[in-house]
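Asks: Could you look at this predicted model? Sequence included:
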Amino acid sequence: MRKMVGYSQLLVLSIVLLMVFPLGISSALAEDDKGYEEYSLGEIVVSGKGSAVRDIAISNEVTPDDFEAVNADSVADALTYVPGVQVSYGRKSEAGINIHGFDKTRILTMIDGVPYYETKYGSLDMNQIGLEGVARIDVIKGAPSVLYGPNALGGAVNIITKKAASEKPVLSATAEYGVDGIDDAYRVGLSHGMKVGNLNYWLSYSHKEWDSWDLSDDFEPREGLIRRRPGGNEYTIIQDEGERVNSDYETNNFWAKVGLEPSDDTEVFVNFHYIETEKGDPPSIDRVNVFSDFTQFDRISAYDDWGMDLSAEHAFTDNFSLQAKLYYHDHSDDYESFSDETYTESVALSTYKDSIVGGMLLADYRVADWDTLRASFHYKEDNHEQRDLESLPYAESSADTGSIGVENELTVLNGKLSVVAGISYDWYEVSDAESDPENDGNIVKSDTPGTTDEINPMIGATYQMNDDIQLFASVARKTRFPTLSQIYSGEDPDTGADLPNLDLEAETAVNYTAGVSWTFRDLLNVEVAPFFHDISDYITRDIPPEENPYSQYKNYEDVEMKGVEINAVITPYTDLVLKVGYMYNDASNESPERVTDDVIGVPEYIFNFGIGYTLPAIGTVLNLTMLHIGEAYDQLPTPEEPDLEVLKNESYNICNAKITQPFMADHLKVFLAVENLFDEDYEPESGYPAPGMRTWLGVSFDL
């Protein structure tokens, strides 16, 4: 057993005993002003303007208090405990985000309203985004506003950053050390911001690294397959007990925001971020492919992002305002392949470069006190370059995406009823496509598909029955355009020539949500929200070989997901807060010629529970967080391979605990945090065991 198990059990016992103390006495320590505010230009639908658009869908706000309660140090960590969300780690050691059964390529992810993704595959790793500069994360499920732009098939995640709130300088610092379960680990973070006359700035930096992390003590090694081409198959133990193979990690985050606010009507800001990451890629313990110039014994020797946006807003009158945004985002990564599990002989270095340049306009016009009209225009150009060997030139591709949206909100019946109706026209066009199919430096220019365009309407309403009860409902058609990888993945089995599917269309989801929110004084808030996602033209290549001889991606599957999400916040006393979340999701495959009605990767249910208690007088904060993820299918028979074995990922439980002791009127805090408290051995993705118990000791200081 680990040396810290007894210490961690003492931590749990302390929390249980302290929670039965008499309650109802408020903490004697006053909470100082936090020194920052949420960056309003980072919002697409601004909460401060009284819009009902945010209320017609199922949504969650994740705040720094939530980050602190679960000891999160990245956006992926913070999203792990949001109801209806599953975060897992698999290939490339990337965080997979699943919301109501939609994977992260089908969720629109933004930083301050700017799309954040890799242009070939449609997603980036949110585990590398630190939280020092983050003021709030919005998670919108099912029916985001048409103003968000295209590709929000199942919802949207918007990471909203901080800006200075006053002329008083703000300085905060955090340092953590991995005491147990993670080797040579530490995390540090710094933030500083203030206003100087019309000038407003905010700076933040974070660094984290470790050499490796430990598996659960209950982990049992099993035989896996190393598939070499050429070379044959080898069955062996790929992962032994103890330290996870190739699990080192190091990242640096730097964020800067500088703006001018010459009047209450005008503000102009420049935002900049730079993220650099180097990490190992722990292999699957079940199967690893090793080819002559590409292997799954690999390292991500560079995974870097930087971006800049210029945002401005001006209120021309009391009733009309216009926001404009220009942005550029650059991503590059190096994938280094090794010959075997020793990671000593490098056989190839593949390099990928992506850039996005774009802009948007958002207009808000209040026609009357009860009628507001909003409009949006989005346009961006995606560029992708890749080479599979250092000796090769880059193959280049590019695509354009745009959207025009109009939304009208009516508020009637003395403000009790709000109706929001909108429609968008979205389009996507690949303008250039190249490949090097033989890896010989001979670039082939591929044909490109015609413009794909879609009309996406939505409507929703909220009704305030009384001071305590609000009803809401919405229906929205959403589409997601195919990625470059999906369009250009086909191949002739005889000649090896690329055979793109130029007829690939957008995926479509009609998302229905309804619900009721009930508030009882300051003690209880409960929301119950059924949902139904009807997905058609789902892009896949699990298709009978006779229908898909070139292994292309096609619009083939139809999927339905129906369920309910329940969220509750209970505050029986000033210093005690309980949060409960539950999602049930019944996913079914409705595709023609399907082999099974089941769907891969959709947990049947997710249960979240969190409790936070502040001890009277001494101000000690106790947090206990629990997460239960139900079973999900990892492998199912398909029309392409009807005899595949059915594999399930077992359900699993995660329990985290944290004790924080403030000093100096909350300016200084010392904390102890334990992740996976009961050392659960689980695999959120088959073949990729999760970390065992990890213990962190840290200190934070706010001035």
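Replies: That came through fine.
Asks: CA atoms for contacts and neighbours, from now on please.
Replies: Fine.
Asks: For stretch 248-260, which outside residues touch it?
Replies: Identification of contacts with stretch 248-260 by Cα atoms under 8 Å, 6 or more residues apart in numbering yields 128-130, 133, 163, 198-213, 267-280.
Asks: From the residues you listed, which land in strands?
Replies: For the contacts of stretch 248-260, the ones inside strands are 163, 199-210, 212-213, 267-280, with DSSP state E as the criterion.
Asks: Select the longest strand from this structure.
Replies: strand 346-368.
Asks: now the angle between strand 346-368 and the helix or strand just after that strand, please.
Replies: Counting by DSSP states H and E, the next helix or strand C-terminal to strand 346-368 is strand 371-387. Computed with axes from the mean of the first three to the mean of the last three Cα atoms, to 10 degrees, the direction of strand 371-387 lies at 170 degrees from that of strand 346-368.
Asks: For ChimeraX, what selects the buried ones among the ones in strands among the contacts of stretch 248-260?
Replies: Filtering the ones in strands among the contacts of stretch 248-260 down to the buried ones (16 or more other Cα atoms under 10 Å) takes a single ChimeraX command:
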select :163,199,200,201,202,203,204,205,206,207,208,209,210,212,213,267,268,269,270,271,272,273,274,275,276,277,278,279,280
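Asks: Quick check: residue 167 touching residue 196?
Replies: Yes. Residue 167 lies in contact with residue 196 (Cα atoms under 8 Å); the separation is 6.0 Å.
Asks: Tell me how far the longest strand of the chain lies from the chain's centre.
Replies: Mean C-alpha position of strand 346-368 versus that of the full chain (Cα atoms, centre = their mean, to the nearest Å) differs by 16 Å.
Asks: Give the other helices and strands that that strand contacts.
Replies: Helices and strands touching strand 346-368, by 3 or more Cα pairs under 8 Å, 6 or more residues apart in numbering; DSSP states H and E, are strand 320-338, strand 371-387.
Asks: then whatever helix or strand comes next after the last one to PDB, C-alphas only?
Replies: By that I understand strand 371-387. Downstream of strand 371-387, the first helix or strand assigned by DSSP H and E is strand 395-412. The C-alpha coordinates for strand 395-412 follow below in PDB (Å, rounded to 0.1, in the frame of the first residue of the first chain):
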ATOM      1  CA  ALA A 395       1.100  19.100 -47.900                       C
ATOM      2  CA  GLU A 396      -1.200  22.100 -47.500                       C
ATOM      3  CA  SER A 397      -5.000  22.300 -47.300                       C
ATOM      4  CA  SER A 398      -7.400  25.200 -46.600                       C
ATOM      5  CA  ALA A 399     -11.100  25.800 -46.100                       C
ATOM      6  CA  ASP A 400     -13.500  28.700 -45.500                       C
ATOM      7  CA  THR A 401     -16.500  28.700 -43.100                       C
ATOM      8  CA  GLY A 402     -19.100  31.400 -42.600                       C
ATOM      9  CA  SER A 403     -22.400  32.100 -40.900                       C
ATOM     10  CA  ILE A 404     -25.000  34.800 -40.900                       C
ATOM     11  CA  GLY A 405     -27.500  34.700 -38.000                       C
ATOM     12  CA  VAL A 406     -30.500  36.700 -36.900                       C
ATOM     13  CA  GLU A 407     -32.300  36.300 -33.600                       C
ATOM     14  CA  ASN A 408     -35.300  38.100 -32.100                       C
ATOM     15  CA  GLU A 409     -36.400  38.100 -28.500                       C
ATOM     16  CA  LEU A 410     -39.800  39.200 -27.400                       C
ATOM     17  CA  THR A 411     -40.700  39.800 -23.700                       C
ATOM     18  CA  VAL A 412     -44.400  40.100 -22.900                       C
END
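Asks: Buried residues in strand 395-412, which are they?
Replies: Result for strand 395-412 [16+ other Cα under 10 Å]: buried residues 395-411.
Asks: cool, and stretch 357-367?
Replies: By 16+ other Cα under 10 Å, the buried positions in stretch 357-367 come out as 357, 358, 359, 360, 361, 362, 363, 364, 365, 366.
Asks: any idea of the pLDDT on the fourth one?
Replies: What it means is residue 360. Reading off the confidence values, residue 360 has pLDDT 97.
Asks: quick one, what contacts it?
Replies: 324, 325, 326, 376, 377, 378, 379.
Asks: Nearest to residue 58 among those?
Replies: Ranked by distance to residue 58 (Cα to Cα), these are led by residue 376 at 22.3 Å.
Asks: So what touches stretch 212-222?
Replies: With Cα under 8 Å, 6+ apart, stretch 212-222 has contacts from 1-2, 181-184, 237-249, 285-286, 679-681, 689-693.
Asks: In helices only, show me these.
Replies: Residues of these located in helices (DSSP state H): none.
Asks: filter those residues to the buried ones?
Replies: Buried subset of the contacts of stretch 212-222 (neighbour count, 16+ other Cα under 10 Å): 181-183, 238-239, 243-249, 285-286, 679-681, 689-693.
Asks: so how far is residue 281 from residue 341?
Replies: Here residue 341 is placed at a distance of 11 Å from residue 281 (Cα to Cα, to the nearest Å).
Asks: Now the common contact residues for those two.
Replies: Taking Cα under 8 Å, 6+ apart as the criterion, residue 341 and residue 281 both touch residue 297.
Asks: When these two are compared, which one has more neighbours?
Replies: Using other Cα atoms under 10 Å as the criterion, residue 341 and residue 281 rank with residue 281 on top: 23 against 17.
Asks: For residue 248, see how far away the more buried one is.
Replies: Look at residue 281 and residue 248: by Cα to Cα, they are 8 Å apart.
Asks: those strands in the stretch 401-550 of the chain, which residues are they?
Replies: Assigned by DSSP state E, counting those that start in this stretch, the stretch 401-550 of the chain shows strands spanning 417-432, 434-435, 444-445, 452-464, 469-480, 507-520, 524-540.
Asks: Show the average pLDDT along the third one.
Replies: When pLDDT is averaged over strand 444-445, the result is 91.
Asks: which strands and helices sit next to that strand?
Replies: Contacts defined by 3+ Cα pairs under 8 Å, 6+ apart place strand 444-445 against strand 434-435.
Asks: cool, and the first one?
Replies: Based on contacts counted as 3+ Cα pairs under 8 Å, 6+ apart, the elements that strand 417-432 packs against are strand 395-412, strand 452-464.
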